[in-house]
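Trainee: sequence and predicted model, in that order:
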Amino acid sequence: MSERQARVTALVDQSAYAVSVAEHAAWLCGRLGGRLQLRHARETDEAIEDARRLLSDLTAQVTDQGAEAPRQSLVEGGVLAAAISAETDLLVMGKRGAGAQDAPAMLGRHVDPVVRAAKVPVCLASKVFLPIHRVVAVMDAEPGRRAALDLVAAQSGLGDFDLDVVVAAYPGEEPDEKLALVRQTLDGRAAAFAIRAERLGAAVWDYLGARSADLIVISREVLLTAAPLRAVSPRSLWAARASVLVC
């Protein structure tokens, strides 16, 4: 994201995640000094009055909590089209959406295509927005994959949180070079350590077993090469309470 005022777009629907998505987006706007847009892709069987009411109610929700009045955007054509056509620097959507199974380890059907197609960071919001105190950046041992590291290093709005950086080292990998890169880049701003695990999700859960996290930051490249996004496992990345920022 550039130094100009960041544009943050909340992709909202008629699911139980809508309020949390709007609140996450408003919080990110406040941290990044950004402008907020609430964007809704109307379903073919959804009345136009219901779609407009959703945007109006969410606007009232975030302004009542102190956010500036967001821009409202009602579009046709589906969630993926709404995400791709949004002129934005950051997208926020729910981990699950309307009609999705509310299983902790399962993602909504729109998440995978949006994450793969988006050219900007995507924040996948948990069902309830809770205060964010600790941020953990998760990466693998490949030194060239540093998008998550670059994001937490560049965003001053994330600088006053407790920040941890976890390097997931799979069998046969050595994390020392990546750890040295993290410490050099962040210059003591974060605790950095390696976790040896068979899978990315297992590394995350090993971390969460010792320390809490409210926001997980991970690069798109690391996420998509680790496992299929829709893979379901009790110890998957998606079963954690924390929201996930894919960059």
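Mentor: Structure received. Residues are numbered from 1 along each chain as shown.

Trainee: ok, now which ones touch the nearest residue to E87 once chain neighbours are set aside?
Mentor: Distances taken as C-beta to C-beta, 6 or more residues apart in numbering put R7 closest to E87, at 6.7 Å, once the chain neighbours are dropped. All C-beta atoms are positioned from the backbone trio N, CA, C, and that covers glycine. R7 sits next to 34-35, 37, 87-90 when contact means C-beta atoms under 8 Å, 6 or more residues apart in numbering.

Trainee: let's see that with 7 Å instead.
Mentor: 34-35, 37, 87-89 (C-beta atoms under 7 Å, 6 or more residues apart in numbering).

Trainee: from the residues you listed, which two are the most distant?
Mentor: Greatest spacing in the contacts of R7, by C-beta to C-beta: G34 and E87 (12.9 Å).

Trainee: these two: which is more packed in?
Mentor: G34 (23 against 8; other C-beta atoms under 10 Å).

Trainee: look up the closest residue to that one, ignoring the ones flanking it.
Mentor: G34's closest residue in space is A6 (C-beta to C-beta, 6+ apart), at 3.6 Å.

Trainee: surely that neighbour meets L32?
Mentor: Yes - taking contacts as C-beta atoms under 7 Å, A6 lies within contact range of L32: 4.5 Å.

Trainee: thought L186 was touching D150?
Mentor: No - if you go by C-beta under 7 Å, L186 and D150 don't touch, sitting 10.6 Å apart.

Trainee: who has more neighbours, the two?
Mentor: L186 (18 against 13).

Trainee: relative to V75, how far out is the residue nearest to the more buried one when sequence neighbours are not counted?
Mentor: Computed as C-beta to C-beta, 6+ apart, the closest residue to L186 that is not its neighbour in sequence is A153, at 5.9 Å. Separation of A153 from V75 (C-beta to C-beta, to the nearest Å): 34 Å.

Trainee: do C247 as well
Mentor: C247 is 25 Å from V75, by C-beta to C-beta.

Trainee: which of these two has more neighbours?
Mentor: C247 (23 against 15).

Trainee: I figured that one hits V217, correct?
Mentor: Yes - C247 lies in contact with V217 (C-beta under 7 Å); the separation is 6.5 Å.

Trainee: lowest average confidence, helix or strand, in this protein?
Mentor: Using mean pLDDT, DSSP states H and E, the weakest-scoring helix or strand in the chain turns out to be helix 220-226, at a mean of 85.

Trainee: what comes up buried for that one?
Mentor: By neighbour count on 16 or more other C-beta atoms under 10 Å, the buried set for helix 220-226 is 220-223, 226.

Trainee: what packs against the top helix by length along the chain?
Mentor: Counting by DSSP state H, the longest helix found in the chain is helix 48-64. Applying 3 or more C-beta pairs under 7 Å, 6 or more residues apart in numbering; DSSP states H and E, one finds that helix 48-64 contacts helix 18-32, strand 35-41, strand 71-75.

Trainee: quick one: which of these is nearest P175?
Mentor: helix 18-32 (29.2 Å).
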